[in-house]
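Participant: Take a look and give me a structure for this.
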Amino acid sequence: MISDLLSVSIQQFKADCLQLCEQHYPTVHNRGMRGDHLGKALCRRIVATLSQADIPAQLQVLEQEGKADQPIFRLETPQFTLWVVAHRLVSANLARRESLVAAVDSVKTACQAHSHPHYLILVADHWFDRSKASKELPAWWLGQLPDNINDYQADGIRLLDSAQSFPETLAQRLHIMDGTHQIHHPLKRHSDGKTVHRYLLLTAVYPLL
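Facilitator: I've put the predicted structure just below:
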């Protein structure tokens, strides 16, 4: 049931993301959304979904010294805890990727102090640039190249495979597995309504024991 509620929340969040992007234009179109914008918007959507299912939830933002743009949110319910890590991939380089892995590690450590079930939700966004790391990002996030690779090529984006993947890193280094990774493209062109593939909204959901 929890995975279904989170899936519904993420699908509805895509519409919220489109509205956020329009409100914060042109900033979003230059560098992507700030992590706190992403995280708060997703948490609001999850809280609304849980409320419709008669599940009360309390939201808390965890302070991370020196990492204001990578906030961690905790949603407490009577039955389970949801952790939301919001990550601004202004660059797809190794440092930004490792920063996300470190945030997941900190969540895993915090979970050990509690007994009931925990779930990790990751959200990030990225605008493609000309770097090799940027072109590798979809394969790194998913663990493989997207099925719709031709859609990217039609928008002038030549995706590259990634030697390492995010799911592999979480499994090998943090022993976190069985997650669901997705890539979304909520932005549409005003002129013709076509999908803007240059903007990535990345989500992942993991159960944490």
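
Participant: how many neighbours does R158 have?
Facilitator: 8 (other Cβ atoms under 10 Å). Quick note: C-beta positions are derived from backbone N, CA and C, even for glycine.

Participant: if I look at it, how far off is S9?
Facilitator: In this view, R158 and S9 are 33 Å apart by Cβ to Cβ, to the nearest Å.

Participant: Next, the buried residues of whichever helix in the chain runs longest.
Facilitator: Longest among the helix segments of the chain by residue count, using DSSP state H, is helix 2-23. Neighbour-count burial for helix 2-23, counted by 16 or more other Cβ atoms under 10 Å, picks out 2, 5-6, 9-10, 13-14, 16-17, 20-21.

Participant: cool, and stretch 43-56?
Facilitator: Neighbour counts using 16+ other Cβ under 10 Å place 43, 45-47, 49-50, 55 of stretch 43-56 among the buried residues.

Participant: where do the helices sit along the protein?
Facilitator: Under DSSP H, the chain gives helices at 2-23, 27-31, 35-52, 94-111, 132-142, 149-154, 166-174.

Participant: Could you dump these into CSV with distance to L120 added?
Facilitator: Supplementary listing: these in CSV, determined by distance: least, Cβ to Cβ, whole Å:
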stretch, distance to L120
helix 2-23, 10
helix 27-31, 25
helix 35-52, 13
helix 94-111, 6
helix 132-142, 15
helix 149-154, 27
helix 166-174, 9
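
Participant: So which of those helices is nearest P117?
Facilitator: Nearest to P117 among the helices of the chain is helix 2-23 (7.7 Å), distances taken as Cβ to Cβ.

Participant: hmm, who's touching the closest one?
Facilitator: 28-29, 33, 37-38, 41-42, 44-46, 48-50, 53, 55, 80, 82, 117, 119, 121, 123, 125, 180, 182, 184, 186-188, 199, 201, 203, 205 (Cβ atoms under 8 Å, 6 or more residues apart in numbering).

Participant: need the contact list for H126.
Facilitator: Taking Cβ under 8 Å, 6+ apart as the contact definition, H126 lies against 32, 89-90, 92, 134, 137, 199-200, 202.

Participant: Closest to D105 out of the buried residues of stretch 43-56?
Facilitator: Using Cβ to Cβ, C43 comes nearest to D105 of the buried residues of stretch 43-56, at 20.9 Å.

Participant: check contacts around the closest residue in space to the closest one that isn't next to it in sequence.
Facilitator: Nearest residue to C43, sequence neighbours excluded (Cβ to Cβ, 6 or more residues apart in numbering): F73, at 5.0 Å. Neighbouring residues of F73 by Cβ under 8 Å, 6+ apart: 39-40, 43, 59-62, 83-86.

Participant: quick one: least confident of those?
Facilitator: Within the set of those, pLDDT is lowest for L62 (79).

Participant: That one touches E76, doesn't it?
Facilitator: No - if you go by Cβ atoms under 8 Å, L62 and E76 don't touch, sitting 11.9 Å apart.

Participant: From the centroid of the protein, which residue is nearest?
Facilitator: By Cα atoms, centre = their mean, the chain has its centre lying nearest to V123, at 1.5 Å.
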